[in-house]
Structure formats: structure tokens, C-alpha cells
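> Any chance you could fold what I've pasted below:
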Amino acid sequence: MSAWILALVAWSGAAGIWWLLAYLLVRIRPTTRRAPDSEPLPSLTIFKPLPPVKDHATRQALIQAVESFLTELRPDDELLVGIPEESLEQWQPALSRWRGGNPSTRIQELVRATPRQHANPKVAWLEHLAPLARGRFWLWSDADITAPPGFLSGLRRESLARSGEPMTSVYVIRSVAAAPGLLDALFVNTDFLPGARLLGRLGPVRLAFGAAILFRADDFRRTVDWNRLGACLADDYAVGQFLGRVHISSQHVETLALQTRWSDALRHLYRWQKTIRWCRPGSFAALLFIHPLIGWILFVLLHPTHLSGWIGLVSQWLFEVVVAGTILTEVGFQNPGRYARGIALWPLIRALGWLTAWLPVPVWWDRNPWKKPTNQLRAES
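Residues are numbered from 1 along each chain as shown. Model (predicted):
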């Protein structure tokens, strides 16, 4: 056996140890540290900018996601909703339904032309919603996030147990609208989730996840600059940097994979990978450690008649397919067997995704090209 084969076998073995740990991190939930139930909860403002949505199915999914947060709100809590004025008619039935089902909850909508005072469209909306907020704590959460029962009270009690320090939550994907959404599901469940769980066990971090970020309003006003935040592609990561100490919650939420076209799914995956590389280049480079498939592919390309190379390539590929399927099953992904062909291609897609993230190719978001993690282009308000 050649030295190159031995090196590749060692690389695969080391990566295999990580995937075993990854499975355990997904399977074993971290312990919960919460303030006693007798301690009063601080008032909460939830921010939900709503995107323009063309199809009925996607809008219904987003409506149900927002409603999952409403069930726990108390009279001194509130929900702030940002609605593009051209979409008001589409969202009006949902607003009426939310108010009718939650008469004691303050639901305040802001209807206006889509704000574009910042390159980051989400931050542009959040800045306009912020003056309406009355809660002592703010929760920023993307519109496509579904909260499990008890999530809001649990998150607040976790923060109170840490003297009100910021909290953020990991997320999973358990279903997809169509086959292209599988790319999001595989990336979130197999690549993002184990790493985020590991970070959560190591202590406070200087980052956050857009699925849910809870922080004191006064801390935000004191430390965060809207213009700097609005220029960041990864606004959630930037919020964590501004706030300084963020704890990763023991709870998780669920997000939706709504892509119905492969081109949209691939662009979204590329933007995700590129954003991580820009934010944490050293950590992203270290991910080569868990990509031995790249080494096996290169070896086979250079030595196409080498039987051991082909055996190693096929073995590594099958191992990663099994890992992906096992983790999907562990998080409760619906009917993974239905997407067997997509799962079988995932090892190659994730390896190519890591490689292409290093190319000098911009990502696009809200009509703006992002060639670096910050974008100072300012559109008209």
C-alpha cells in the first residue's frame, strides 16, 4: 500500500471520528440551565419582517411559523410585523386571524414600501420596527422559523439564569417543500447542527443564529450601530460580535426549506457556505479535515487504474451517505428514503460547495452583489 493511500486512509479515519462525535452531538441534547419558574419573566418584543411571497403554499407555511410564537405571548409581550405595502392584501387575512385568536396580545404591523436604507434587507426592516418595540427583551427571529411549545418561556429563563445575557438557538429542518430543499436540510442537519451544538457545550460565543436571538433591548441600543450592522451580510453573526457574550440555548427551533428549484437551492447553499467562509475563514479552512472525499477524488483522477484508490473513494462516499441518512433520521426528517438519490449525491455536493466557496465569485441578495462580507452600497430609503 502506497504512502498516499495510507495518508488518505488516516484522513478518512480522522474524519470518521468527527462524524461519530457529530452523531452523538445531535442525539444527546445538552442539559438545560434555567431560572426558577417562580421568577417573573421580562416583557418581550418579537420582530418578524415578512417577505413578499408569490405562492399560496409558501405564505401558509410562513403564517403557521409565525403562529407558533403567538401561542406563548403574554399581555405585556408584543409581536411586531413588517409588511411590504404591495403585499398587505395577501397578509391581511393572517393579521386578522392572529388578532382574533390572540385578543390580549399586542400585534403591531408596519406597512410601508420595502426599506432599502441598508444593503442587508432584513436589517433595513428591523431598524424601522425597532422604534415601535416596548419589551425589555427583544427576540429577532426569521419569518420561516417555527418555535416548539414552551420555547419562549424556556429561552427567557435560560437568559435569566445567566443574568440576562443574550441567547441564540440552533435549528433543524424536518421537512422540505420539494426535492431541491433537500440541500438545505442536509447542510443544516449534518453540517451546521453538530458544529453549533459543540460550540454550545464549550461556553459563550461571539456569534448568533438568525433563527432566534434574544437580548436585552438596552444592551442592543448601547452596543449596536445600525449602519455597521446593515452593511453586514451575516447580520446574525454581527449581532453576536457586537453583544460579545452569547449563549447557545439547549433548545432548538425548526426552519423551512422552501426552495422548489435546484438553481435556487444551489445559490442558497453557495451563499451559506460563502458567508461562513467570510465570517470565520480559519474555521472554514479547517473543515478540509472532514472532506477526505476531496483527497480520494484527486487520487483517482491522478491514478485512474489504482484499485485501492477506487475502493477508498467508494468506501468514503458510502460512509458519508450513511452518516447523512442517519443524522436526518435522528432529527426526525420526514421520509428520508424518498430522497435517497439526493442523499447519495450529497457527499460530492458538499465537497464541491466547500471548494467553490473559495472562488472570487460574489453572492446575490436583495438585488445587491456581495463580493465581501460587508457591503456599503446604500439604496434609496
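
> In space, what's closest to residue 119 - neighbours in sequence excluded?
residue 375 (3.9 Å; Cβ to Cβ, 6 or more residues apart in numbering). For every residue, glycine as well, the C-beta is placed using N, CA and C.

> Could you verify my assumption that the one you found touches residue 121?
No. Residue 375 is not in contact with residue 121 according to Cβ atoms under 8 Å; the separation is 11.2 Å.

> rewinding a little: and the residue nearest to residue 119, how far from residue 85?
Remark: distance between residue 375 and residue 85 (Cβ to Cβ, to the nearest Å) = 25 Å.

> ok, these two, which is more surrounded?
Neighbour totals were compared for residue 375 and residue 85, and residue 375 leads with 19 against 11 (other Cβ atoms under 10 Å).

> Please list all residues in contact with that one.
By Cβ atoms under 8 Å, 6 or more residues apart in numbering, the contact set of residue 375 is 119, 120, 231, 233, 368.

> Which two of those residues have the greatest separation?
Longest distance between any two of the contacts of residue 375 is 10.7 Å, between 231 and 368; criterion Cβ to Cβ.

> Neighbour count: these two, which is higher?
Using other Cβ under 10 Å, the more surrounded residue of residue 231 and residue 368 is residue 231, with 20 against 17.

> Take the contacts of residue 375 and keep only those in strands.
Among these, the members found in strands (DSSP state E) are residue 368.

> Just name the closest of the contacts of residue 375 to residue 111, please.
residue 120 (20.7 Å).

> Any idea how many residues pack against the closest one?
For residue 120, using other Cβ under 10 Å, the count is 23.

> Do you know the pLDDT at it?
The per-residue pLDDT reported for residue 120 equals 93.

> correct me, but it touches residue 232?
Yes. Using Cβ under 8 Å, residue 120 is in contact with residue 232, at 6.1 Å.

> How far away from the center of its chain is stretch 247-262?
6 Å (Cα atoms, centre = their mean, to the nearest Å).

> Give me the buried positions along it.
Within stretch 247-262, the residues that qualify as buried are 247-260, counting by 16 or more other Cβ atoms under 10 Å.

> For residue 317, which non-adjacent residue is closest in space?
Nearest to residue 317 is residue 347, by Cβ to Cβ, 6+ apart, at 5.2 Å.

> what does residue 373 give?
Residue 373's closest residue in space is residue 278 (Cβ to Cβ, 6+ apart), at 3.8 Å.

> Show me the strands in the chain, by range?
44-49, 78-84, 106-112, 137-140, 145-146, 167-172, 213-216, 247-255, 363-365, 368-370.

> can you count the residues close to residue 39?
12.

> ok, the closest residue to it other than its chain neighbours - contacts?
Nearest non-adjacent residue to residue 39, counting by Cβ to Cβ, 6+ apart: residue 160, 6.0 Å away. For residue 160, the contact set (Cβ under 8 Å, 6+ apart) comprises 34, 35, 39, 41, 42.

> Go again with 10 Å.
Residue 160 makes contact with 34, 35, 36, 39, 40, 41, 42, 137, 167, according to Cβ atoms under 10 Å, 6 or more residues apart in numbering.

> could you redo those residues as TSV and give each row pLDDT and distance to residue 323?
TSV is the format used below for the contacts of residue 160 (pLDDT from 0 to 100; distance: Cβ to Cβ, whole Å):
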residue	pLDDT	distance to residue 323
34	89	33
35	88	37
36	89	40
39	89	42
40	91	45
41	93	40
42	93	41
137	98	38
167	97	29
